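# what follows is a predicted protein model with its sequence.
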Amino acid sequence: MLSQGIYSIVLLVISNVFMTLAWYGHLKLKDFSWFSALPLIAVIAISWGIAFFEYCFQVPANRLGFKENGGPFDIMQLKIIQEVITLAVFTVFSMHVFKTELRWNHLAAFVCLILAVYLIFKK
């Protein structure tokens with residue numbers, strides 16, 4: 001059986017997939033005529049609908065992972081883990097959906113994030 005920490009991380013990944021779709025998916029959907037004709041309020045409502053599922057995974061992820069609920073992570077560790085997952089999911093999304101090219105400075109930023117994870121877990 002997976003530990004609470006692993007469950008928490010898996011739920012954070014799923015949550016961030018929905019978050020990325022809610023925040024940035026509409027930028028690609030504008031390429032479809034039916035979507036580009038929608039008023040901004042409709043696009044916002046669609047994004048909110050997608051973001052609902054983000055919260056359905058984010059809230060349990062934080063509850064499971066939080067030390068005071070029996071999880072392995074303190075609040076700072078949870079936040080840093082979430083940020084690293086967010087940027088990893090966004091990078092994959094932007095490379096596949098928007099054909100963004102991964103450059104050296106992106107990799108350098110990821111090294112800094114890995115350093116942040118290391119430092120936040122250091123006692």
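Right, received. Where do you want to start?

# okay, which residue is most central for the chain?
The centroid of the chain falls nearest to Asn16 when counting by C-alpha atoms, centre = their mean (2.6 Å).

# skipping adjacent residues, who's closest to that one in space?
Closest residue to Asn16 apart from its sequence neighbours, by C-beta to C-beta, 6 or more residues apart in numbering: Val89 at 4.2 Å. (Glycine included, C-beta is placed from N, CA and C.)

# need the contact list for the one you found.
Listed by C-beta atoms under 8 Å, 6 or more residues apart in numbering, the contact partners of Val89 are 13, 16-17, 19-20.

# Throw those residues into JSON lines and include distance to Leu78 and pLDDT, thanks.
As requested, these are exported to JSON lines (distance: C-beta to C-beta, whole Å; pLDDT from 0 to 100):
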{"residue": "Val13", "distance to Leu78": "14", "pLDDT": "98"}
{"residue": "Asn16", "distance to Leu78": "13", "pLDDT": "97"}
{"residue": "Val17", "distance to Leu78": "18", "pLDDT": "97"}
{"residue": "Met19", "distance to Leu78": "15", "pLDDT": "97"}
{"residue": "Thr20", "distance to Leu78": "19", "pLDDT": "97"}
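
# thank you, goodbye.
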